[in-house]
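K.L.:
with the input below, show me the fold.
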Amino acid sequence: MSQPRKASWWRFCAWVIATAVLTTGLVGAFGVLVLLLPLGAVGVTLLVKAGPVWPEPLGIGGGWGALALVVAYLNRNYQSCPAAPSSGRTYPGYRAPVCSGGTEPVFWLVLGVSLTLLSVVAFVVLRSGHRKTRVTD
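P.N.:
Sure thing, here's the model as predicted:
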């Protein structure tokens, strides 16, 4: 009989990548990123058909964490827009303040680091817990 396959880092990383690509395709469904949707779907389908070993699918959380880190990086130059004049009037020579738009990156940074670390730590703990230990009397 063949020995059951152990959880591997390669397949954990494959779950991270496939999830990140699939989620990017889903989020970008109204733009050009929708082209990533079939690629991500094929990746996840191949991983599921290959028979995932339990801790490997924890890479899904790592994929979401990686995307949150990308969002935080893309918004690293965020500057909030100051309030508009209360009167609503502008005067000759008035220059509207410049703001970068986007979103506050701290939330995405904390979310990305948390999801990624939680995913990796859970994988390491569960992977080491699946090894058989010998009990001595």
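K.L.:
helices or strands up against the one helix or strand A72 maps to?
P.N.:
Element membership for A72 (DSSP states H and E) is helix 59-74. When contacts are defined as 3 or more CB pairs under 8 Å, 6 or more residues apart in numbering; DSSP states H and E, helix 59-74 sits against helix 9-27, helix 105-129. Quick note: C-beta positions are derived from backbone N, CA and C, even for glycine.
K.L.:
and that helix, which residues are buried?
P.N.:
59-69, 71-72 (16 or more other CB atoms under 10 Å).
K.L.:
tilt between it and helix 105-129?
P.N.:
Orientation note: helix 59-74 sits at an angle of 150 degrees relative to helix 105-129 (axes from the mean of the first three to the mean of the last three CA atoms, to 10 degrees).
K.L.:
ok, G25 touching V42?
P.N.:
No. Using CB atoms under 8 Å, G25 makes no contact with V42, being 10.8 Å away.
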